[in-house]
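Engineer: Quick one: sequence and predicted model below, then my questions.
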Amino acid sequence: MPVLELRHLLAGHDGVAVVHDVSLTVYPGEVVVLLGANGAGKSTTLLTASGLLPVLGGEVLVEGEVVGSSTRRRSMGRAAALARSGLVHVPEDRGLFSDLTVREHLRLTRRSDRSPSETVVFEQFPALERIQDRRAGLLSGGEQQQLALARAVIAGPRVLLVDELSLGLAPLVVQSLLPLLRDLVTERGIGVLLVEQHVRLALEVADRAALMRRGEIVLSGTAEELGDQLEAIEAGYLGDELPA
């Protein structure tokens, strides 16, 4: 059973749809990457799946149960319910508190009923253990992104929605972070829906991928299949017509 399923999703802002008829599934232990140019609807899709934007049409299912709301107020309650059920959203701005230390972020987020311990998390993120008493505002961009992922992991997720993991980071940092995300999926059986601009690096760690353009999925398949169609993907980023 998929941990996350979108069925003919219609989503947008202030009642105006920018995402149209998007359907996809994420299974435990796999990474699905959403590709596309800025404004294609990738982040809106993630925000709607996580409950932070209302569902304008279609359905969002988590572990087979429909979770949906057509109003902003109700969607905020849905976001809280989804978080409790194991869906965790890692936003593109990382959502950290600059005055809190690494350790304080982890302790505030941990759920005692199903979460890994700080020791286990530090084993997966050894760089954070060395700076656990440092405030988030003093961390480098790569360290902040590691903290955002570590905080998500200690919440005991079943599915992670990760928006622009590489935003503002040097390519060398991205090359270390994406495999780290892949390792988390393999070790913990988490399902991941990833939005990422670094196409080649994302496809290397993904199982499946979908290319969005103007709010619609125009190309999808395994990561290997889309890796064989990089020219088509690049055309989609540039706004050119995709080959038949």
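Structural biologist: Sure, I can see it. Note that this is a predicted model, so its numbers are computed, not measured.

Engineer: Every contact and neighbour count from this point should use C-alpha atoms.
Structural biologist: OK.

Engineer: from memory Thr48 sits against Gly58, does it?
Structural biologist: No. Here Thr48 lies out of contact with Gly58, judged by CA atoms under 8 Å, at a distance of 11.2 Å.

Engineer: So between those two, which is more surrounded?
Structural biologist: For Thr48 and Gly58, the more surrounded residue by other CA atoms under 10 Å is Thr48, and the numbers stand at 25 against 16.

Engineer: Show me the contact partners of the one helix or strand the more buried one maps to.
Structural biologist: Element membership for Thr48, per DSSP states H and E: helix 42-49. The contact list for helix 42-49 (CA atoms under 8 Å, 6 or more residues apart in numbering) reads 6, 11-12, 18-19, 34-36, 53-55, 60, 161, 163, 195, 212, 215.

Engineer: With stretch 145-163 instead?
Structural biologist: Contacts to stretch 145-163, defined as CA under 8 Å, 6+ apart, come from residues 3-4, 28, 43, 46, 50, 86-92, 94-96, 102, 105-106, 109-111, 114-118, 121, 125, 128, 165, 177, 189-196.

Engineer: what mean pLDDT would you report for the longest helix along the chain?
Structural biologist: Taking DSSP state H as the criterion, the chain has its longest helix at helix 171-188. Helix 171-188 carries an average pLDDT of 88.

Engineer: where do the strands sit along this protein?
Structural biologist: For the chain, the strands defined by DSSP state E cover 4-13, 16-26, 31-35, 55-62, 65-66, 87-90, 159-163, 191-195, 208-213, 216-222.

Engineer: Can you tell me which of the ones you listed is nearest to Glu143?
Structural biologist: The stretch from those with the least distance to Glu143 (CA to CA) is strand 87-90; that distance is 14.4 Å.

Engineer: about what we covered before: compute the inter-axis angle for the helix holding Thr48 and strand 216-222.
Structural biologist: For helix 42-49 against strand 216-222, the angle between stretch directions is 90 degrees (axes from the mean of the first three to the mean of the last three CA atoms, to 10 degrees).

Engineer: change the start of the numbering to 621 and stick with it
Structural biologist: Sure, I'll start numbering at 621, so the last one becomes helix 662-669.

Engineer: and helix 662-669 with strand 811-815, angle?
Structural biologist: Angle, helix 662-669 to strand 811-815, by the same axes, to 10 degrees: 140 degrees.

Engineer: between helix 662-669 and strand 624-633, how big is the angle?
Structural biologist: Following the same axes, to 10 degrees, one obtains 110 degrees for the angle between helix 662-669 and strand 624-633.

Engineer: Mind checking the pLDDT average for helix 662-669?
Structural biologist: Model confidence over helix 662-669, given as mean pLDDT, is 95.

Engineer: tell me how far that helix is from the chain's mean position?
Structural biologist: From the chain centre to the centre of helix 662-669 is a distance of 9 Å (CA atoms, centre = their mean, to the nearest Å).

Engineer: Show me what counts as buried in that helix.
Structural biologist: Of the residues in helix 662-669, those with enough neighbours to count as buried (16 or more other CA atoms under 10 Å) are Lys662, Ser663, Thr664, Thr665, Leu666, Leu667, Thr668, Ala669.

Engineer: show me where pLDDT drops low in this structure?
Structural biologist: In the predicted model of the chain, residues 688-705, 732-735, 855-864 satisfy pLDDT under 70.
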